[in-house]
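Asker: predicted model and sequence below, questions to follow.
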Amino acid sequence: MKILSIQSAVAYGHVGNSAAVFPLQRIGVEVLPVYTVNFSNHTGYGAWRGPLISPEDVRDVIAGIEERGVFGSIDVVLSGYQGGEGIGDVIIDAVSRVKAANPSAIYACDPVMGNAKSGCFVAPAIPELLRERVVPVADIITPNQFELGFLTGTDPHTLDETLASADAVRSTGPRTVLVTSVERPDREDGTIEMLVVDDAGAWIVQTPLLPMKANGSGDVTAALFTAHYRRTGDAADALARTTSSVFDLLERTHLSGERELQLVESQEAYAHPRLQFAVRQVR
């Protein structure tokens, strides 16, 4: 499998491609990383150095890959945080070109906008760009519960509300929706859930909620789920494998006391997930 991953990069720590590439490689995926920024560290530190790469330069890198004749062998285009409006156009164009070369290729979009605790933290034009232009051309999207609400103009909390919102966004284009950070009011205390919905049904999985915030965990989640799902077409299996791997990554990071994901140290969790959490079909 080959994945063209158009995301940010940092030298220190693990977000964007600096979070997604290694776990994908560890499960046997060939990744072609294209960087949208090249920062010293993620912006959560409040200070960073390095360039935001212009849409024209990102497009140029992608054109160079196309000129090598490899678009026909790319199975997935993956994108995450979009720093500016122009990157969206570049990604949409890349998806179109890859699918022209390989009609079985898919586009997986992590529509990063914010979360329930901090609200939207992207440029004001990005949510509308994602909702109106990017998400409709995606095959898979991986929003958190807050982002799902923003994409659909809803406010999902319960399981039924979240399923309805997932169906609403599926009607706009993407057939598969992985909803991360599901916090329904009737769940067990100290837990958090992920939900996946596709044409075959809907499945939910519950894990302990770890008392931490980990930049980059959503990037790992989107990458691993997309790869597992593209490989098997089985949403429940992809959910089980991804949840197992990401929980073990987060638990190791929490126990380490470090701020950054213990990405390399957790590599066996990607290659050999323990499958310790039961996935339950809810539709």
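Answerer: Noted; the coordinates are in hand. Predicted model, so just to flag it, every value in this text is computed and none were measured.
Asker: pLDDT (mean, whole number) over the helix or strand encompassing Ala166?
Answerer: Secondary structure assignment for Ala166, by DSSP states H and E: helix 159-170. Helix 159-170 shows a mean pLDDT of 98.
Asker: got a list of contacts for that helix?
Answerer: Under the criterion CB atoms under 8 Å, 6 or more residues apart in numbering, residues 135, 141, 143, 145, 148-149, 151-152, 154-156, 176-177, 179, 182, 184, 186, 195, 197, 202, 204, 282-283 lie in contact with helix 159-170. Quick note: C-beta positions are derived from backbone N, CA and C, even for glycine.
Asker: report the beta-bridge partners for Ile6.
Answerer: Val34, Ser79 (DSSP bridges).
Asker: what angle do the following helix or strand past the helix holding Ala166 and helix 159-170 make?
Answerer: Next along the chain after helix 159-170, taking DSSP H and E as the criterion, comes strand 176-182. If you take axes from the mean of the first three to the mean of the last three CA atoms, to 10 degrees, strand 176-182 sits at 140 degrees to helix 159-170.
Asker: helices or strands next to strand 176-182 in the packing?
Answerer: Applying 3 or more CB pairs under 8 Å, 6 or more residues apart in numbering; DSSP states H and E, one finds that strand 176-182 makes contact with strand 140-141, helix 145-152, helix 159-170, strand 191-198, helix 217-232.
Asker: please redo it, this time with the cut-off set to 10 Å
Answerer: strand 106-109, strand 140-141, helix 145-152, helix 159-170, strand 191-198, strand 201-208, helix 217-232, helix 235-256 (3 or more CB pairs under 10 Å, 6 or more residues apart in numbering; DSSP states H and E).
Asker: per-stretch mean pLDDT over those, give me the minimum one.
Answerer: helix 145-152 (a mean of 95).
Asker: which helices and strands sit right next to that helix?
Answerer: Using 3+ CB pairs under 10 Å, 6+ apart, helix 145-152 sits against strand 114-115, strand 119-120, helix 125-129, strand 140-141, helix 159-170, strand 176-182, strand 191-198.
Asker: would you point to the one among the ones you listed that's packed deepest?
Answerer: strand 140-141 (a mean of 26; mean count of other CB atoms under 10 Å).
Asker: quickly run through the sheet partners of that strand, with directions.
Answerer: strand 106-109 (parallel), strand 176-182 (parallel).
Asker: as TSV, those strands with distance to Leu32 would be great.
Answerer: Compiled in TSV, the strands paired with strand 140-141 are given as follows (distance: least, CB to CB, whole Å):
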stretch	distance to Leu32
strand 106-109	14
strand 176-182	22
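Asker: ok, now which ones touch the residue nearest to Arg274 when sequence neighbours are not counted?
Answerer: Sequence neighbours aside, Ser244 is the residue nearest to Arg274 in space, at 5.2 Å (criterion: CB to CB, 6 or more residues apart in numbering). Applying CB atoms under 10 Å, 6 or more residues apart in numbering, we find Ser244 in contact with Val205, Thr207, Leu224, Ala269, Tyr270, His272, Pro273, Arg274, Leu275, Gln276, Phe277.
Asker: chain center to the helix holding Ala166: distance?
Answerer: From the chain centre to the centre of helix 159-170 is a distance of 18 Å (CA atoms, centre = their mean, to the nearest Å).
Asker: same thing with stretch 119-130?
Answerer: The mean C-alpha position of stretch 119-130 is separated from the chain mean by 16 Å, CA atoms, centre = their mean.
Asker: over to stretch 241-253?
Answerer: Going by CA atoms, centre = their mean, where stretch 241-253 is centred and where its chain is centred differ by 15 Å.
Asker: kindly report the same for stretch 274-283.
Answerer: Distance, centroid of stretch 274-283 to centroid of chain: 20 Å (CA atoms, centre = their mean).
Asker: give me the buried stretch members for it, please.
Answerer: Phe277, Val279 (16 or more other CB atoms under 10 Å).
Asker: can you give me the end-to-end distance of it?
Answerer: Length of stretch 274-283, first residue to last, CA to CA, to the nearest Å: 25 Å.
Asker: so what touches that stretch?
Answerer: For stretch 274-283, using CB under 10 Å, 6+ apart, the contacting residues are 159-160, 162-163, 166-167, 193-197, 200-208, 235-241, 243-245, 247-248, 268.
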